[in-house]
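In: fold the stuff below for me.
(one chain, ligands or ions: 1)
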Amino acid sequence: MPRIQHIGVMELFGSSGVRGIVGASMGPELVVTIAKAAGTVWDADRAVIGRDTRPSGQMLAAAAASGLASVGVDVVDVGVTPTPNVVRLAEAWAIPGLIITASHNPARFNGVKLVGAAGRELSVDALERVEACIDHDTARPADHAAVGQITTRTGVNEAYIAAVRQAVDAEAIAAAELHVVIDPGDGAGSLTTPQLFRSLGCEVTTVNATTDGTFPARPPEPVPQHLTLLQETVRAAGADLGIAHDGDADRAVFVDEAGHPIAGEASLAALAAAELDAGATMVAAIDSSQRLVDVVDEAGARLELTPIGASHLITAIERLQAGGAQIPIAGEGNGGVFFPPYRVVRDGAYTAARFAALLAEASASAVVAPHQGYHTARANITVGDDRERARIQARADRYLRRRGGAITDIDGTRVDLEEGWILVRPSGTEPLVRIVAEAASAATATAYVEETEQAVVP
Ligand code: MG
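Out: Okay, the predicted model is just below:
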């Protein structure tokens with residue numbers, strides 16, 4: 001097996017799938033290996049494959065189809081479509097799925113996400129079984145007469161739009177008579193989110209809505225500094241709301257009617273405030289904002305923290321649901337939101353429609369106003385290799401403990417201080433150590449990040 005020396009627990013799949021740079025750490029050989037292992041672990045007759053808009057997607061989807069077919073799995077290739085649609089199809093057809101995407105990573109990256117037959121991205125346990133299959137090389141080729149057949153299916157994006165429309169309060173959204181500006185970043189959402197909002201009776205303006213997966217207009221990560229055109233267009237058009245996605249459209253972030261970016265933590269808090277009742281449980285990651293803690297407390301609900309990354313949230317949702325917990329909403333402050341009663345998936349279009357429904361009562365800025373007043377600062381430290389990353393993380397851990405506050409170390413190290421908190425953790429997908437801080441003032445948050453950076457950078 002080229003390129004795979006040793007695969008430990010979740011070393012290959014990281015916090016949200018396998019990703020790498022095309023032509024270097026990501027290529028057809030690796031995807032064939034993963035697909036053969038997934039096909040073996042799934043023990044399924046059939047699987048669905050979809051992809052985002054990256055130019056390398058077709059090549060890697062072909063490799064995935066080949067790998068699955070080689071272990072006897074029939075493949076239905078649905079082409080370019082949002083990740084949540086592949087999850088929906090997996091559920092509808094009761095078959096597992098594989099998505100070729102690097103989500104929010106830059107264009108040179110691509111990757112693989114796996115979906116189980118129950119219609120959810122695989123939990124940590126299931127990913128570990130796939131990793132073990134690769135590690136021990138236990139995938140066995142099918143006999144010549146038993147190899148899988150590969151077919152294509154068109155029209156799935158139209159079906160997805162109809163399904164999302166049916167799942168949301170279409171009447172409330174139509175009654176709000178919204179003008180929305182949609183920026184799918186030339187990712188998979190270009191094919192679905194503008195069409196969805198038109199079908200919901202909104203006036204729709206689009207920016208960056210081609211399917212050019214070299215992402216010529218902006219990087220696929222929907223962070224404020226990449227969304228200046230969206231902000232300007234919302235302002236110029238006098239629109240009510242701006243909506244942006246990442247490359248595979250499982251995340252949704254928003255711009256208010258004045259063109260100001262809404263922090264993902266604030267939109268998550270607003271959605272949670274509308275969903276949570278007393279006795280409910282909210283699942284969120286270790287970098288959760290204090291504003292989420294406040295919303296949960298006010299509702300009389302319970303907050304369950306997990307390590308960062310969708311697979312950890314999915315694992316926690318499954319475990320808590322099995323124990324009888326009611327989980328109306330879960331998510332991270334990056335625009336990735338789960339509504340488990342709908343489906344255990346982050347669905348950017350569905351999330352955007354749910355947020356738009358809140359605008360039936362008030363403007364976007366008014367909807368998030370109760371959740372403002374917190375400031376987040378971030379910095380990334382680039383590292384050369386895993387050893388350097390571990391060294392910097394260890395230095396950060398000692399530094400944060402020295403600061404004297406409550407420590408949480410289920411994923412990196414978080415210290416809660418008088419005026420806010422600091423989290424330092426290694427990235428699951430890139431050669432980086434990430435520093436995040438939140439405080440009541442931007443100056444304090446920035447100071448927290450700068451002090452930490454100075455203390456840990458050699
Ligand atoms: Mg994504």
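
In: the residue nearest to residue 50 when sequence neighbours are not counted: helix or strand, and which one exactly?
Out: Counting by C-beta to C-beta, 6 or more residues apart in numbering, residue 50 lies nearest to residue 86, which is 4.0 Å off, once chain neighbours are set aside. Where you see a C-beta, it was placed from the backbone N, CA and C, and this is true even at glycine. Take DSSP states H and E as the rule and residue 86 turns out to sit in helix 83-93.

In: check whether that helix comes near the ion.
Out: No: Helix 83-93 is not in contact with the ion by C-beta under 5 Å from the ion; minimum separation 6.0 Å.

In: which parts of that helix are buried?
Out: The neighbour-count check on helix 83-93 (16 or more other C-beta atoms under 10 Å) flags 83-91, 93 as buried.

In: mean confidence score for it?
Out: When pLDDT is averaged over helix 83-93, the result is 97.

In: can I get it as CSV, trimmed to CA atoms?
Out: Extracted in CSV, the C-alpha atoms of helix 83-93 (Å, rounded to 0.1, in the frame of the first residue of the first chain):
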residue,chain,number,x,y,z
THR,A,83,-22.7,16.2,0.9
PRO,A,84,-26.0,16.3,2.7
ASN,A,85,-27.7,15.0,-0.4
VAL,A,86,-25.5,11.9,-0.5
VAL,A,87,-26.4,11.3,3.1
ARG,A,88,-30.1,11.7,2.2
LEU,A,89,-29.8,9.3,-0.7
ALA,A,90,-27.9,6.8,1.5
GLU,A,91,-30.8,6.9,4.0
ALA,A,92,-33.5,6.8,1.3
TRP,A,93,-32.0,3.8,-0.5
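
In: neighbouring contacts of that helix?
Out: With C-beta atoms under 8 Å, 6 or more residues apart in numbering as the test, helix 83-93 has contacts from 46, 48-50, 52, 76, 78, 96-99, 101, 103, 113, 115-121, 156-157, 160, 163, 188, 192, 248-250, 343, 345-350.

In: show me how to select, in PyMOL, the buried members of the residues you listed.
Out: Command for PyMOL that selects the buried part of the contacts of helix 83-93, burial taken from 16+ other C-beta under 10 Å:
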select buried, resi 46+48+49+50+52+76+78+96+97+98+99+101+103+113+115+116+117+119+120+121+156+157+160+163+188+192+248+249+250+343+345+346+347+348+349+350
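
In: among the contacts of helix 83-93, which are in strands?
Out: Among these, the residues falling in strands (DSSP state E) are 46, 48-50, 76, 78, 97-99, 113, 115, 343, 345-346.

In: now pLDDT too, for the residues you listed, in TSV please.
Out: Shown next, in TSV, are the ones in strands among the contacts of helix 83-93 (pLDDT from 0 to 100):
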residue	pLDDT
46	98
48	98
49	98
50	98
76	98
78	98
97	97
98	97
99	97
113	94
115	93
343	94
345	94
346	96
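
In: which one of these is nearest to residue 233?
Out: Checking those against residue 233 with C-beta to C-beta, the nearest one is residue 346 at 24.9 Å.

In: tell me who's in contact with the closest residue to residue 240 other than its chain neighbours.
Out: Counting by C-beta to C-beta, 6+ apart, residue 178 is the residue found nearest to residue 240 once chain neighbours are left out, at 4.6 Å. Contacts for residue 178 were tallied using C-beta under 8 Å, 6+ apart; they are 202-203, 240-241, 356, 359.

In: have a look at this structure and report its longest helix.
Out: The longest helix of the chain (DSSP state H) is helix 386-402.

In: for the stretch 1-150 of the chain, which spans come out with low pLDDT?
Out: Within the stretch 1-150 of the chain, the segments meeting pLDDT under 70 span 1-11, 14-16.

In: actually, the stretch 201-350 of the chain.
Out: For the stretch 201-350 of the chain, no range has pLDDT under 70.

In: kindly report the residues of it close to the ion.
Out: Counting by C-beta under 5 Å from the ion, the residues of the stretch 201-350 of the chain close to the ion are 246, 248, 250.

In: the second one against residue 188, yeah?
Out: This means residue 248. Yes: between residue 248 and residue 188 there is a contact under C-beta atoms under 8 Å: 5.3 Å.

In: shared neighbours of these two, anything?
Out: Taking C-beta under 8 Å, 6+ apart as the criterion, residue 248 and residue 188 both touch 52, 82-83, 101.

In: farthest pair within those residues?
Out: Across these, the longest distance by C-beta to C-beta is 9.3 Å; it joins 82 and 101.

In: and for the two, which residues touch both?
Out: Contacts common to residue 82 and residue 101, judged by C-beta under 8 Å, 6+ apart, are 188, 248.

In: gap between the residue of the chain found nearest the ion and residue 52?
Out: Residue nearest to the ion within the chain (C-beta to the ion): residue 103, separated by 3.3 Å. Residue 103 sits 8 Å away from residue 52, going by C-beta to C-beta, to the nearest Å.

In: shared neighbours, those two?
Out: The contact sets of residue 103 and residue 52 overlap at 83, 247-248 (C-beta under 8 Å, 6+ apart).

In: need these in a markdown table (columns: distance to residue 431).
Out: Putting those into a markdown table (distance: C-beta to C-beta, whole Å) gives the following:
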| residue | distance to residue 431 |
| --- | --- |
| 83 | 24 |
| 247 | 20 |
| 248 | 22 |
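
In: mind checking how far residue 426 is from residue 383?
Out: To residue 383, residue 426 is 8 Å away according to C-beta to C-beta.

In: ditto for residue 59
Out: Note on residue 59: its distance to residue 383, by C-beta to C-beta, is 29 Å.

In: please apply the same query to residue 152.
Out: Distance from residue 152 to residue 383, by C-beta to C-beta: 41 Å.

In: these two: which has the busier surroundings?
Out: Using other C-beta atoms under 10 Å, the more surrounded residue of residue 152 and residue 383 is residue 383, with 19 against 11.

In: show me which pair in the buried residues of helix 83-93 is furthest apart.
Out: The largest separation in the buried residues of helix 83-93, counting by C-beta to C-beta, is between 83 and 93 at 16.0 Å.

In: pLDDT score for the residue nearest to residue 420 when sequence neighbours are not counted?
Out: Spatial nearest neighbour of residue 420, chain neighbours left out: residue 439 (3.1 Å); criterion: C-beta to C-beta, 6+ apart. Predicted confidence (pLDDT) for residue 439: 89.

In: kindly report the same for residue 457.
Out: At residue 457, the model reports a pLDDT of 89.

In: count residues in the vicinity of it, would you?
Out: 13.

In: ok, it - contacts?
Out: Shown in contact with residue 457 (C-beta under 8 Å, 6+ apart): 381, 392.

In: try residue 424
Out: 393, 396-397, 400, 412-413, 433-436, 452, 456.

In: so it bridges to which residues?
Out: residue 413, residue 435 (DSSP bridges).

In: centroid residue for the chain?
Out: The chain has residue 336 as the residue nearest its centroid, 4.8 Å off, counting by C-alpha atoms, centre = their mean.

In: show me the contacts for it.
Out: Shown in contact with residue 336 (C-beta under 8 Å, 6+ apart): 250-251, 310, 346.

In: residues near the nearest residue to residue 412 once chain neighbours are set aside, how many?
Out: Of all residues not flanking residue 412 in the chain, residue 425 sits nearest, at 2.4 Å (C-beta to C-beta, 6+ apart). Close neighbours of residue 425, defined as other C-beta under 10 Å, add up to 23.
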